[in-house]
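Trainee: let's see this in three dimensions:
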Amino acid sequence: MVKDVGVCVCVCVCVSTHSDVAVISPQDPVLNIGSSLTATCTLSPDLGLHASTLYWTLNGMILSGSTYSVLSPHVLGVTLHHLNGSQQQSGDNLVCHGADGHVLAGSCLYVGEPPEKPVNITCWSRNTKDLTCKWSAGGRGETHIRTKYTLKFKLRWYGKEKECENYNTGKQRYSCYIPRNLALFTPYEIWVEAANQLGSASSDITTLDILDVVTTDPPANVQVSRVGDLEDQLTVRWASSRELKDVLFQAKYQIRYRLEDSAEWKLVDDVGNQTSCRLAGLRPGTVYFVQVRCNPVGIYGSRKAGIWSDWSHPAAASTPSSESLQSGSCDSKPSEQNSTLRRELKQFFGWVRKHAYGCSGMSIKLYDQWRVWLQKSHKTRNQILQDDNS
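Mentor: Alright, predicted model coming up:
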């Protein structure tokens, strides 16, 4: 039983004392979760203290006297059952105190589990210049004691085994970065080893070619602009990756956009390898945020799909509003002819979206020509429909 005395040790700092004061045994034990432990605090006779006057704390909390046993005038024992995992990976403080609270001796308890086999190794290379790999710890993932993960790699058919050195910490602690000296056109074998004081485990070997896991930086200089006075369209333009300009590949792009007051993105998935696209079917007088990302497909003839880059920084623009388009007219209300024109445009664009499949330059040009012709024409709706059917 543990009693709280208002002292909380957040970071374990193992207490060390001179051997002529007191000694805790065992010193710094490593135990599996659920184990029991009997520890002793042996006093130096020169202290003039009796073991019955001492008490124990674990991480600053007094342990119940029912767990104590006076083994001799100079030896006080304590027994702990069904130990939980250490509260910090640096160990839990088990401390022996004098009656006045003075620390006589201390030991660190390491209570945890051996690591399980690391799994889910995935890697990506940014612009063929480096390699980053991440993995999952396996099992429940938490060992409660300090566990070292080592990512190792080597060329598949030859080469010396190497270790990754740049490990990430925090939420991305199961990842490592290899910054240089990577070979192209030759597969690597990659695996992760995990070890702590209770055991070790190794992942399965992952085989990959750098060219099959290439990603790139997000497209740069993304710009969004209006398409004349078309109230339901915006044009998106961007620059291709400079880092891969000397590499043989064919980029594939995706666009996503959302309303200013919405968190829901709409995806344009079939942009192809062009660096501009017309968004249509938008709301008039509305601000849109737009992002673009790139997939470098077929690096040096690789048959595997590339890896999508991060999304670019958002760019924004607003579509023209119906009111602003009408502000130059002498009529306070749109004429019947303008209403017919707007309706025909929406009908035509519905056809474009259904049949043009993404950002088709030919369809957009045809649409623009059709719109200009409509604006100059004074024919009635029936005449327009008759011409379309002919």
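Trainee: drop to CA atoms for contacts and neighbour counts, all remaining ones
Mentor: OK.
Trainee: for the stretch 51-200 of the chain, which segments are assigned as strands?
Mentor: Along the stretch 51-200 of the chain, the segments classed as strands by DSSP state E, counting those that start in this stretch run 55-58, 61-63, 68-72, 75-80, 92-97, 103-112, 119-126, 131-136, 148-155, 162-163, 166-167, 175-178, 188-196, 199-202.
Trainee: dump those strands to a markdown table, plus distance to residue 22, mean neighbour count and mean pLDDT.
Mentor: Shown next, in a markdown table, are those (distance: least, C-alpha to C-alpha, whole Å; neighbours: other C-alpha atoms under 10 Å; pLDDT from 0 to 100):
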| stretch | distance to residue 22 | mean neighbour count | mean pLDDT |
| --- | --- | --- | --- |
| strand 55-58 | 13 | 23 | 95 |
| strand 61-63 | 18 | 21 | 94 |
| strand 68-72 | 14 | 16 | 95 |
| strand 75-80 | 9 | 19 | 95 |
| strand 92-97 | 9 | 25 | 94 |
| strand 103-112 | 6 | 25 | 93 |
| strand 119-126 | 46 | 19 | 93 |
| strand 131-136 | 43 | 20 | 94 |
| strand 148-155 | 33 | 19 | 94 |
| strand 162-163 | 43 | 14 | 93 |
| strand 166-167 | 40 | 16 | 90 |
| strand 175-178 | 43 | 20 | 94 |
| strand 188-196 | 29 | 20 | 95 |
| strand 199-202 | 32 | 16 | 95 |
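Trainee: right, and these - which one's nearest residue 24?
Mentor: strand 103-112 (6.2 Å; C-alpha to C-alpha).
Trainee: next, the closest residue to residue 196 other than its chain neighbours: phi, psi?
Mentor: What sits nearest to residue 196 in space, not counting adjacent residues and going by C-alpha to C-alpha, 6 or more residues apart in numbering, is residue 147, at 4.7 Å. Residue 147 has phi and psi values of phi -120, psi 130 when expressed as degrees, to the nearest 10.
Trainee: tell me who's in contact with residue 147.
Mentor: Applying C-alpha atoms under 8 Å, 6 or more residues apart in numbering to residue 147 gives the contacts 115, 194, 195, 196, 197.
Trainee: wait, the fourth one sits on residue 146?
Mentor: The reference is to residue 196. Yes: if you go by C-alpha atoms under 8 Å, residue 196 and residue 146 touch, sitting 6.4 Å apart.
Trainee: how about residue 79: what's its closest non-neighbour residue?
Mentor: Per C-alpha to C-alpha, 6+ apart, closest to residue 79 is residue 38, 4.3 Å.
Trainee: shouldn't that neighbour be in contact with residue 77?
Mentor: Yes: contact status for residue 38 versus residue 77: in contact at 6.8 Å, counting by C-alpha under 8 Å.
Trainee: residue 261: neighbouring residues, count only.
Mentor: Around residue 261 there are 10 other residues, counting by other C-alpha atoms under 10 Å.
Trainee: and the gap between it and residue 286?
Mentor: 10 Å (C-alpha to C-alpha, to the nearest Å).
Trainee: look at residue 173 and report its pLDDT.
Mentor: Per-residue pLDDT puts residue 173 at 79.
Trainee: repeat for residue 212
Mentor: Residue 212 carries a pLDDT value of 88.
Trainee: where exactly do the helices run in the protein?
Mentor: Here the chain has its helices, by DSSP state H, at 322-326, 336-355, 361-376, 381-389.
Trainee: confidence-wise, which of these is weakest overall?
Mentor: What stands lowest among those, in mean pLDDT terms, is helix 381-389, with a mean of 48.
Trainee: picking that back up, quick one, which of the strands of the stretch 51-200 of the chain is nearest to residue 279?
Mentor: strand 119-126 (29.3 Å).
Trainee: who are the packing partners of the closest one?
Mentor: Counting contacts by 3 or more C-alpha pairs under 8 Å, 6 or more residues apart in numbering; DSSP states H and E, strand 119-126 packs against strand 131-136, strand 214-215.
Trainee: can I get these in a markdown table with distance to residue 106?
Mentor: Below are the helices and strands packed on strand 119-126 laid out as a markdown table (distance: least, C-alpha to C-alpha, whole Å):
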| stretch | distance to residue 106 |
| --- | --- |
| strand 131-136 | 35 |
| strand 214-215 | 52 |
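Trainee: and of those strands, who's closest to residue 237?
Mentor: Comparison of these against residue 237 by C-alpha to C-alpha identifies strand 214-215 as nearest, at 20.4 Å.
Trainee: check which helices and strands that closest one is in contact with.
Mentor: By 3+ C-alpha pairs under 8 Å, 6+ apart, strand 214-215 packs against strand 119-126, strand 287-297.
Trainee: turn those into TSV, columns for distance to residue 102.
Mentor: Formatted as TSV, the helices and strands packed on strand 214-215 follow (distance: least, C-alpha to C-alpha, whole Å):
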stretch	distance to residue 102
strand 119-126	47
strand 287-297	63
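Trainee: ok, which of those strands comes nearest residue 232?
Mentor: Here strand 287-297 is closest among these (C-alpha to C-alpha), at 11.2 Å.
Trainee: the closest one pairs with which strands, parallel or anti?
Mentor: strand 250-259 (antiparallel), strand 315-318 (antiparallel) (DSSP bridges).
Trainee: next one: it to chain centre, how far?
Mentor: Its chain's average C-alpha position is 19 Å from that of strand 287-297, according to C-alpha atoms, centre = their mean, to the nearest Å.
Trainee: cool, stretch 97-111 as well?
Mentor: Averaged C-alpha coordinates place stretch 97-111 at 42 Å from its chain's average position (C-alpha atoms, centre = their mean).
Trainee: export the strands of the stretch 51-200 of the chain to TSV and tack on distance to residue 214?
Mentor: Putting these into TSV (distance: least, C-alpha to C-alpha, whole Å) gives the following:
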stretch	distance to residue 214
strand 55-58	51
strand 61-63	53
strand 68-72	62
strand 75-80	53
strand 92-97	44
strand 103-112	38
strand 119-126	5
strand 131-136	9
strand 148-155	18
strand 162-163	21
strand 166-167	20
strand 175-178	14
strand 188-196	14
strand 199-202	26
